[in-house]
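Visitor: From the sequence below, what's the structure:
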Amino acid sequence: MSEQSMVPIDQLLPNKLPMVALMGRPIFPGIFTPIMIGNPMDVKVIDDAVAGDALIGLVMLANETETPVIGDLYKVGTAAKIVKKINLPDGGVNIFISTLKRFRIKKTLHASNPIVAAVEYLEDEEDGTSEVKALTRALISEMKQISENNPLFSEEMRLNMINIDHPGKIADFIASILNIDKAEQQKILEVLNVRKRMEQVLVFIKKEQELLRIQKKIQKEINEKIEKSQRDYFLKEELKAIKTELGMTTDAKSSDYQRFKEKFDAFKFEGELKETVEQELEKFNLMEPNSAEFVVTRNYLDVIVSLPWNEPEPEKFDLKRAQEILERDHYGLKDVKSRIVEYLAVRKLRKDTKGSIVCLVGPPGVGKTSVGKSIARALGKQFFRFSVGGMRDEAEIKGHRRTYIGAMPGKIIQGLKIVKTRDPVFMIDEIDKMGASFQGDPASALLEVLDPEQNNSFRDHYLDLPFDISHVFFIVTANTLDTIPPPLLDRMEIIELPGYIDEEKLEIAKRYLVPKSLEKNGLKKSRVRYTKDSLLHIASGYAREAGVRNFEKNLDKIHRKLARQIVEAEEAAGEAGKAAQGDSKKFAIDKKLIEKHLGKPLFPEGDVKKADRPGMSVGLAWTSMGGDTLVIEASSVPGKEGFTLTGKMGDIMKESAAIAMTVARKLAVEQYGLETAWFEKNHIHLHIPEGATPKDGPSAGITMATALLSLLRGKIITGQLVMTGELSLTGQVLPIGGLKEKTIAARRNKARHIIIPKQNLRDLDEIPDYVKKGVEFHPVERFDEVLNLALPD
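Guide: Here you go, the predicted structure:
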């Protein structure tokens, strides 16, 4: 707090001063006060002043800015002498100043860094009339009244106020300690006429007194309300005790009311929550049980008391155990498990119970849902799952308004009501398959749910109260990111789960699928035995997709047929031979038995996509089902010049085909000597089989150009070679995405060589070695390099 400092009247002051810009309030003359200086430019001004005459000018900023210039300052300020300077650890300084006199800036000597100006010192316009004396007494009297009722005014301040003998200084001192807006303080600083200055200060004192009066009134009303509520509470408690002593029974409504009240008291609600709940509870107490509104209000209060309002307990999970759970529950997925463990480590290190949003993306059947369950187990938290696939109504997420008949809270509040904890793991499945309709857009409703900056006060339409869901760990799953709105995608951390190769499927089947399927179909493990070749035969012949869902279905189909055989044999043998038959009947599953139960393989051995004649090439594609191989076929027929595309291609793929045709034609004429007249007499047709399947994306350019050149040169491309990459008009090979999924597809197609864009070399590091095993990658920059590999001379 500032103190008065006596300044010699005859002190000489310089005509130019270095300026220190004040961000807060102006400082009046005749004050002794500390100031904290943090701006490096101002710190330099202070250092220079201390080295000289220790005089500075203090002027308030008219326009607040980090790097002020003289135009940003008011014209009137206060000259001050630095009495003491203390350096602070953060580079700032704390100075004690004695303010001397008002001044007005006359001329700019240095506009910025540092600001230096020529100044004119201002004298108070004295007025020795009796009116000034009366104003002085009035100021001191009114301030005494304020200071007695305000603990912020110390005894020392009161004494200083009485000891000041100059009317102008009294006005300055009072203006500096009153709670006045800084712009108003600056106006008082600029008033030179002492009488006018005192009149202005007296007006602000009166305003302060009025505020104190209102404050006292409010405090009195609050105290009266507290006393009334305490009185009501004691009377109600006495009434309750009397009813208990008399053995008076209460009806169902009273019982519900008491249950709700006890729960609400235990939650210790505040603010809007407390006000709304108390209003609803009193309304419920006054209602007749037969009224329609009674059930609606009762259900609403029931939802509120069922929610976990208390803060969650600190997390206590062991990182090693979490890793063991992930390893035990899932085979492979090394990158995915590593990402999850790293995330849990950060969470434990920060001791942060706030939730997160993780998006697991991958083809069907790769284990997205089971990974979510494992995360919940690793954290030791409750798990709740719901699907939003096909959802078209935003009320499914945010609830219905209570005005509707049969209104319910949304899935988020329903889930919290079920798990009864504030920090569960929520899994939202199929987020890429949401729709929109006249009933709203659920994807937009999820924006608030999945935004860490908004979901600490999530408002369900039914509940209509702020509920903190920021502690919920959200895991969403999707097959593709293409259909997820970008604003929603921006709120999530993406973790990709690629498909499995046959070796991985073999291990997954041995560890998880076979035991699970045997148990589901009532078979003992000791009675059914699979060989490695038989499991690989199922993987390659019947379940060649990215995931293992079809693999499991085929195992179930085999086990159902085995169960039927066992039951039929036991029934035929009768009760006497049941035990012996049950103990002795065992099955060794080989390829022959598999084909007996499952039929001929969907993908026979050797049934791989290959280019075995001129005009064919094999490319790699990425789909929401994982990686896949793509055969391109080109053919020519005599006739009018032209180029036909078939195979249900998208616009991007059509553009790639047009570029491929131009590049192939140019090379055929210039490099391989094909006559231009040949194109005038032949019609070229480019086709991608499986015409019912839509195809699009920028990664088949080099594959189409290679097929066209294979046709034009009449040569078959190199065997067991597949390729992926986009082609530019100048023959450059451009980068692609989804290399890992495409590599897995190439492995399934028995490919040994993969041509990839050179810019995708960085993606090879993310592909596990066991996936790359047996495959040679050929990075290329130009289409000429592709031809050297696919169509060598």
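Visitor: Show me what counts as buried in stretch 326-345.
Guide: 326, 329-333, 335-337, 339-341, 343-344 (16 or more other C-beta atoms under 10 Å). Where C-beta positions appear, they are placed from N, C-alpha and C, glycine not excepted.
Visitor: Including secondary structure, could these go into a markdown table?
Guide: Formatted as a markdown table, the buried residues of stretch 326-345 follow (DSSP: H, G, I helix; E, B strand; the rest coil):
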| residue | secondary structure |
| --- | --- |
| Leu326 | helix |
| Asp329 | helix |
| His330 | coil |
| Tyr331 | coil |
| Gly332 | coil |
| Leu333 | coil |
| Asp335 | helix |
| Val336 | helix |
| Lys337 | helix |
| Arg339 | helix |
| Ile340 | helix |
| Val341 | helix |
| Tyr343 | helix |
| Leu344 | helix |
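Visitor: Mind putting these into a markdown table with distance to Gly731 and pLDDT?
Guide: What follows is the buried residues of stretch 326-345, written out as a markdown table (distance: C-beta to C-beta, whole Å; pLDDT from 0 to 100):
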| residue | distance to Gly731 | pLDDT |
| --- | --- | --- |
| Leu326 | 46 | 86 |
| Asp329 | 49 | 86 |
| His330 | 44 | 84 |
| Tyr331 | 43 | 83 |
| Gly332 | 39 | 77 |
| Leu333 | 39 | 77 |
| Asp335 | 34 | 75 |
| Val336 | 38 | 78 |
| Lys337 | 42 | 82 |
| Arg339 | 38 | 80 |
| Ile340 | 43 | 81 |
| Val341 | 45 | 85 |
| Tyr343 | 43 | 80 |
| Leu344 | 48 | 81 |
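Visitor: okay if I get those residues as JSON lines plus distance to Asn39?
Guide: Listed next are the buried residues of stretch 326-345 as JSON lines, based on distance: C-beta to C-beta, whole Å:
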{"residue": "Leu326", "distance to Asn39": "52"}
{"residue": "Asp329", "distance to Asn39": "57"}
{"residue": "His330", "distance to Asn39": "56"}
{"residue": "Tyr331", "distance to Asn39": "60"}
{"residue": "Gly332", "distance to Asn39": "57"}
{"residue": "Leu333", "distance to Asn39": "53"}
{"residue": "Asp335", "distance to Asn39": "48"}
{"residue": "Val336", "distance to Asn39": "50"}
{"residue": "Lys337", "distance to Asn39": "50"}
{"residue": "Arg339", "distance to Asn39": "44"}
{"residue": "Ile340", "distance to Asn39": "46"}
{"residue": "Val341", "distance to Asn39": "46"}
{"residue": "Tyr343", "distance to Asn39": "41"}
{"residue": "Leu344", "distance to Asn39": "43"}
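Visitor: Over to Val425: give its phi and psi.
Guide: phi -100, psi 120 (degrees, to the nearest 10).
Visitor: Closest one of the buried residues of stretch 326-345 to Asp318?
Guide: Distance to Asp318 across these (C-beta to C-beta) is lowest for Leu344, with 9.8 Å.
Visitor: Not counting residues beside it along the chain, what's closest to that closest one?
Guide: Ala322 (5.5 Å; C-beta to C-beta, 6 or more residues apart in numbering).
Visitor: what residues does the helix or strand hosting the one you found touch?
Guide: In the assignment (DSSP states H and E), Ala322 maps to helix 319-329. Identification of contacts with helix 319-329 by C-beta atoms under 8 Å, 6 or more residues apart in numbering yields 337, 340-341, 344-345, 348, 370-371, 373-374, 377-379.
Visitor: any residues touching whichever strand or helix holds Arg564, and which ones?
Guide: For Arg564, the host element (DSSP H and E) is helix 549-573. The contact list for helix 549-573, computed with C-beta under 8 Å, 6+ apart, reads 364-365, 505, 508-509, 513-514, 516-518, 520-523, 528, 538-539, 542-543, 577-578, 581-582, 585, 587, 589, 593-594, 597-598.
Visitor: just stretch 360-374 next, same as before
Guide: Residues contacting stretch 360-374 (C-beta under 8 Å, 6+ apart): 325-326, 329-330, 333, 336, 340, 383, 385, 425, 427, 429, 475-481, 494-500, 545-552, 623-626, 741.
Visitor: Can you point out the buried residues in it?
Guide: Going by neighbour count (16+ other C-beta under 10 Å), the buried part of stretch 360-374 is 360-368, 371-374.
Visitor: Please convert the residues you listed to a markdown table, extending it with distance to Ala79, secondary structure and pLDDT.
Guide: Formatted as a markdown table, these follow (distance: C-beta to C-beta, whole Å; DSSP: H, G, I helix; E, B strand; the rest coil; pLDDT from 0 to 100):
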| residue | distance to Ala79 | secondary structure | pLDDT |
| --- | --- | --- | --- |
| Leu360 | 68 | strand | 90 |
| Val361 | 68 | strand | 89 |
| Gly362 | 72 | coil | 85 |
| Pro363 | 77 | coil | 85 |
| Pro364 | 79 | coil | 86 |
| Gly365 | 81 | coil | 85 |
| Val366 | 76 | coil | 85 |
| Gly367 | 76 | coil | 85 |
| Lys368 | 72 | helix | 87 |
| Val371 | 71 | helix | 88 |
| Gly372 | 69 | helix | 87 |
| Lys373 | 73 | helix | 89 |
| Ser374 | 72 | helix | 88 |
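Visitor: quick one: which of these is nearest Gln215?
Guide: The closest of the buried residues of stretch 360-374, once distances to Gln215 are taken by C-beta to C-beta, is Gly372, at 54.8 Å.
Visitor: quick revisit: ChimeraX command to pick out the buried ones of the contacts of stretch 360-374?
Guide: Filtering those down to the buried ones (16+ other C-beta under 10 Å) takes a single ChimeraX command:
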select :325,326,329,330,333,336,340,383,385,425,427,429,475,476,477,478,479,481,495,496,497,498,499,500,545,546,547,548,549,550,551,552,623,624,625,626,741
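Visitor: Drop anything exposed from the contacts of helix 549-573.
Guide: Judged by 16+ other C-beta under 10 Å, buried ones among the contacts of helix 549-573: 364-365, 505, 508-509, 513-514, 517-518, 521, 523, 528, 538-539, 542-543, 581, 587, 589, 593-594, 598.
Visitor: Let me see the mean pLDDT of stretch 307-325.
Guide: Mean pLDDT, stretch 307-325: 83.
Visitor: buried ones in it?
Guide: Buried residues in stretch 307-325, counted by 16+ other C-beta under 10 Å: Leu307, Pro308, Trp309, Pro312, Glu315, Ala322, Gln323, Ile325.
Visitor: Of all the residues in stretch 719-737, which ones are buried?
Guide: 720-727, 731-736.
Visitor: Same check on stretch 453-463?
Guide: Buried residues in stretch 453-463, counted by 16+ other C-beta under 10 Å: Asn455, Phe458, Asp460, His461, Tyr462, Leu463.
Visitor: How about stretch 769-776?
Guide: Of the residues in stretch 769-776, Val771, Val775 count as buried by neighbour count, 16+ other C-beta under 10 Å.
Visitor: on that earlier part again, just how off-centre is the helix holding Arg564 within its chain?
Guide: Relative to its chain's centre, helix 549-573 lies at 47 Å (C-alpha atoms, centre = their mean, to the nearest Å).
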